[in-house]
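Engineer: coords below, sequence missing:
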């Protein structure tokens, strides 16, 4: 009898490969370390977009660590892990929205130079972190969740750099706030994608356990 992962068409060798483990470990270290640095920079620069991007880094690092732990688990438990990741990302998005609304009620200026500097360094760090993940972006829900978190970081970095330029040109903080909202929207969109994929994997895995021969026949 085929096991649940083979029936669901998941490449277990790819998931459990040393290369994938190394890629996840690189992502965890880079994201957590620079997330703390960028969060500090966000407070120094008084930039809501930088803070949102820093939270993306920290969320990416912590959730990727969960993905690293989940490598040896069955498809069902990996899908449950991805579901937790999706819910966490959604909550993070809502938190950024609320905090940005509160920040919009103040008129403290943004330090554009610091904002741009931290954002450029963040983009470099994120590109270094994303490259090892490229071969693994089309795996199960857990692998897709890790990829989406890292992709969000890169998009957020570019958006913060653009926001810094617009703040300098317009002499207002609205570009910073708008980009923070956009990053939050990206969080929510990716959260929905991760949750949808994890639920699909859960249904597929449970169906394979109930009737493994029919699932295997359908895939072949």
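Structural biologist: Cool, got the structure. The shown structure was predicted, so the numbers you read here are calculated from the model rather than taken from an experiment. Numbers count the residues shown, from 1 in each chain.
Engineer: lowest-confidence helix or strand of the protein?
Structural biologist: Scoring the helices and strands of the chain by mean pLDDT, DSSP states H and E places helix 4-7 at the bottom, with a mean of 42.
Engineer: Residues in contact with stretch 26-34: which ones?
Structural biologist: By CB atoms under 8 Å, 6 or more residues apart in numbering, the list of residues contacting stretch 26-34 from outside reads 57-58, 60-62, 64-65, 68, 121-122, 125-126, 128-129, 132-133, 146, 150, 153. Backbone N, C-alpha and C define where each C-beta goes, glycine included.
Engineer: Mind doing that once more with 7 Å?
Structural biologist: Applying CB atoms under 7 Å, 6 or more residues apart in numbering, the contact partners of stretch 26-34 are 57-58, 60-61, 64-65, 68, 122, 125, 128-129, 132-133, 150.
Engineer: Out of those, which is nearest to residue 19?
Structural biologist: Checking the contacts of stretch 26-34 against residue 19 by CB to CB gives residue 132 as the nearest, at 7.8 Å.
Engineer: Name the helix or strand for the closest residue to the closest one other than its chain neighbours, please.
Structural biologist: Nearest in space to residue 132, with sequence neighbours left out and distances taken as CB to CB, 6 or more residues apart in numbering, is residue 23 at 3.6 Å. Element membership for residue 23 (DSSP states H and E) is helix 18-45.
Engineer: In strands only, show me the contacts of stretch 26-34.
Structural biologist: Among these, none falls in strands (DSSP state E).
Engineer: Mind putting the residues you listed into CSV with distance to residue 44 and pLDDT?
Structural biologist: Below are those laid out as CSV (distance: CB to CB, whole Å; pLDDT from 0 to 100):
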residue, distance to residue 44, pLDDT
57, 16, 86
58, 17, 85
60, 22, 79
61, 21, 83
64, 26, 78
65, 27, 83
68, 31, 79
122, 14, 91
125, 18, 90
128, 23, 87
129, 23, 82
132, 30, 79
133, 30, 75
150, 25, 71
